[in-house]
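K.L.:
Take this sequence and fold it.
(one chain, ligands or ions: 1)
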Amino acid sequence: MYQFQDLAIHLPEHRCWVLLTPTVQTVLHQYRQLEPSDHEAGGILLGYRRGDIDLELTLATEPTPKDKRGMFSFFRSTWHHQDVARQQWMKSGGTVDYLGDWHTHPENHPTPSSTDRREWSRLRSSSPRPLIFIIVGKADMYLEGPDRKGYRFLLANPT
Ligand SMILES: [Zn+2]
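P.N.:
Coordinates of the predicted model:
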């Protein structure tokens, strides 16, 4: 297993930073669609807001059921049930915030589909706070910030 370090991504257009903890990077890395038989995966991004717009991503939920129990166990749902998980989380009044979504594409350098854009618009209009969206590709990742501009990044220093 790779050991990731904190990764801070600067969104200059929005004058903010997005921090991905190693925990989040490990999940994103693990679900890359490297093989044709790999299915699309996705989940929701949870974490903290530092000030108005700086975002610290501390948890990326996983699409497949796990036997683990814990405070996030209600997120055990498929990609298609993600909406339910999101709504539950938003209603739960948890100490961490819903910050956005992630999912995979079987592309080296992923770009949002028209479906992605529709879905993100819908989510943004239903959230009073800034959201970010990540698409995990085979070679790099696409992050769309609150300003709706896209940024590409690599995971931090796999050794
Ligand atoms: Zn997509």
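
K.L.:
biggest helix in this structure by residues?
P.N.:
helix 114-126 (DSSP state H).

K.L.:
So which other helices or strands are in contact with it?
P.N.:
Contact partners of helix 114-126 among helices and strands, from 3 or more CB pairs under 8 Å, 6 or more residues apart in numbering; DSSP states H and E: strand 97-104, strand 132-136. In this view, the C-beta of every residue, glycine as well, is placed from N, C-alpha and C.

K.L.:
and that helix, which residues are buried?
P.N.:
Using 16 or more other CB atoms under 10 Å as the test for burial, helix 114-126 gives 116, 119, 120, 123, 124.

K.L.:
I'd like the average pLDDT over the helix or strand that contains residue 152.
P.N.:
Assigned by DSSP states H and E, residue 152 falls within strand 150-153. For strand 150-153, mean pLDDT is 94.

K.L.:
Quick check: residue 16 vs the ion, distance?
P.N.:
From residue 16 across to the ion, the span is 23 Å (CB to the ion, to the nearest Å).

K.L.:
Run a quick neighbour tally on that residue.
P.N.:
20 (other CB atoms under 10 Å).

K.L.:
is it true that it touches residue 50?
P.N.:
No: when contacts are counted by CB atoms under 8 Å, residue 16 is not listed as touching residue 50 (9.1 Å).

K.L.:
got a list of what the one residue in the chain that gets nearest to the ion touches?
P.N.:
Of all residues in the chain, residue 116 sits closest to the ion, at 4.1 Å by CB to the ion. Going by CB atoms under 8 Å, 6 or more residues apart in numbering, residue 116 touches 103, 133, 135.

K.L.:
Just put the residues you listed in TSV and tack on pLDDT.
P.N.:
Converted to TSV, those look like this (pLDDT from 0 to 100):
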residue	pLDDT
103	90
133	95
135	95
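
K.L.:
out of those residues, who's nearest residue 54?
P.N.:
Checking the contacts of residue 116 against residue 54 with CB to CB, the nearest one is residue 133 at 16.8 Å.

K.L.:
From residue 5, how far out is that closest one?
P.N.:
23 Å (CB to CB, to the nearest Å).

K.L.:
okay, the two: which has more neighbours?
P.N.:
residue 133 (24 against 14).

K.L.:
Reformat the buried residues of helix 114-126 as CSV; add pLDDT and distance to residue 149.
P.N.:
Output for the buried residues of helix 114-126, formatted as CSV (pLDDT from 0 to 100; distance: CB to CB, whole Å):
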residue, pLDDT, distance to residue 149
116, 90, 15
119, 88, 17
120, 91, 12
123, 88, 17
124, 90, 13
